[in-house]
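Chemist: Have a look at this prediction, sequence included:
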Amino acid sequence: MTSVSRTFAQLKAESKCALIPFITAGDPDLNTTKKALKILAENGADLIELGVPYSDPLADGPVIQAAANRALKRGTRLQQVLDLVAEVHKDIKCPIVLFSYYNPIFHRGVENFLEAIAQVGVKGLVVPDLPLEEAEDFLCLSEKKGIEVTLLVAPTTPAERIKQIALKSQGFIYLVSVTGVTGMREEVQERVRDLIRQLKSVTEKPVGVGFGISQPAQARKIKEWGADAVIVGSAFVKSLAQEPPEKGLAAIADLCSSLKRALL
């Protein structure tokens, strides 16, 4: 499994746009999550974002909130997620990026948390409620552990703050395409093109666009606007939640393949 930065460098050299699917660990169960990670890697995922279920996921819409609640009710906890990654990461070439709110990190202790995720093979980390002003020490520690922490830019982020986030973000920059929470939208807002251009004018780091993208045509448009990655969450989470689990796994394989074809 290569690093996040190296993966993006390889894709750039091939003039390719990355596909980053998101799923919630433990939904519908950990065994299905393990199978899903391998299926996504086999069907076009360039990186995979794995969500740690949390009881108060402020940035997430109803689909991912429901998935987190189901996973928690089944008893899914951080250590189980890490054990799962340790088990599967050697069989997966694409980097696993952990998506976690700050509370579970704080509870374990920042250095202990970063050491633990590095040991199991996690390559990147997204912490949506970690503000830039409090990120400096966290970023320094993560760099020492070989974990790249990706920071988020929102449509409402002021220009000067965008520059600072772009400077500090590791691996790539996560551009939130909508004002609000995650979830599937019918259309991608035109202002996303301007936001991509704005970021490209202040940094050479890769830009990944997420929130609201669920269809191949939307992914293709994001690529045409100059993004280096397309991040798709709710559509994968909803597809995987189907019963029986085999049906959900088949659904995410089809979705991943169709999105990847749209980005070629």
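Modeler: Good, I have the coordinates.
Chemist: Next one: the closest residue to residue 29 other than its chain neighbours from residue 129, what distance?
Modeler: In this structure, residue 29 finds its nearest non-sequential neighbour in residue 74, 6.2 Å apart by Cβ to Cβ, 6 or more residues apart in numbering. Bear in mind the C-beta positions are built from the backbone N, C-alpha and C, glycine included. According to Cβ to Cβ, to the nearest Å, residue 74 and residue 129 sit 24 Å apart.
Chemist: Helices along this structure, start to end?
Modeler: 4-13, 30-42, 62-73, 78-88, 102-108, 110-120, 136-145, 159-168, 191-200, 216-224, 234-240, 245-262 (DSSP state H).
Chemist: Compare those helices and give me the one nearest residue 177.
Modeler: helix 191-200 (4.8 Å; Cβ to Cβ).
Chemist: circling back: turn the helices of the chain into JSON lines, columns for mean neighbour count, distance to residue 51 and mean pLDDT.
Modeler: Listed next are those as JSON lines, based on neighbours: other Cβ atoms under 10 Å; distance: least, Cβ to Cβ, whole Å; pLDDT from 0 to 100:
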{"stretch": "helix 4-13", "mean neighbour count": "17", "distance to residue 51": "17", "mean pLDDT": "98"}
{"stretch": "helix 30-42", "mean neighbour count": "20", "distance to residue 51": "10", "mean pLDDT": "98"}
{"stretch": "helix 62-73", "mean neighbour count": "20", "distance to residue 51": "7", "mean pLDDT": "95"}
{"stretch": "helix 78-88", "mean neighbour count": "18", "distance to residue 51": "9", "mean pLDDT": "97"}
{"stretch": "helix 102-108", "mean neighbour count": "15", "distance to residue 51": "11", "mean pLDDT": "94"}
{"stretch": "helix 110-120", "mean neighbour count": "18", "distance to residue 51": "13", "mean pLDDT": "97"}
{"stretch": "helix 136-145", "mean neighbour count": "15", "distance to residue 51": "18", "mean pLDDT": "96"}
{"stretch": "helix 159-168", "mean neighbour count": "15", "distance to residue 51": "21", "mean pLDDT": "96"}
{"stretch": "helix 191-200", "mean neighbour count": "18", "distance to residue 51": "22", "mean pLDDT": "93"}
{"stretch": "helix 216-224", "mean neighbour count": "19", "distance to residue 51": "20", "mean pLDDT": "95"}
{"stretch": "helix 234-240", "mean neighbour count": "24", "distance to residue 51": "8", "mean pLDDT": "96"}
{"stretch": "helix 245-262", "mean neighbour count": "18", "distance to residue 51": "14", "mean pLDDT": "98"}
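Chemist: Of all those, which one is nearest residue 153?
Modeler: helix 159-168 (5.5 Å).
Chemist: Now do the closest one: distance to the chain's middle.
Modeler: 20 Å (Cα atoms, centre = their mean, to the nearest Å).
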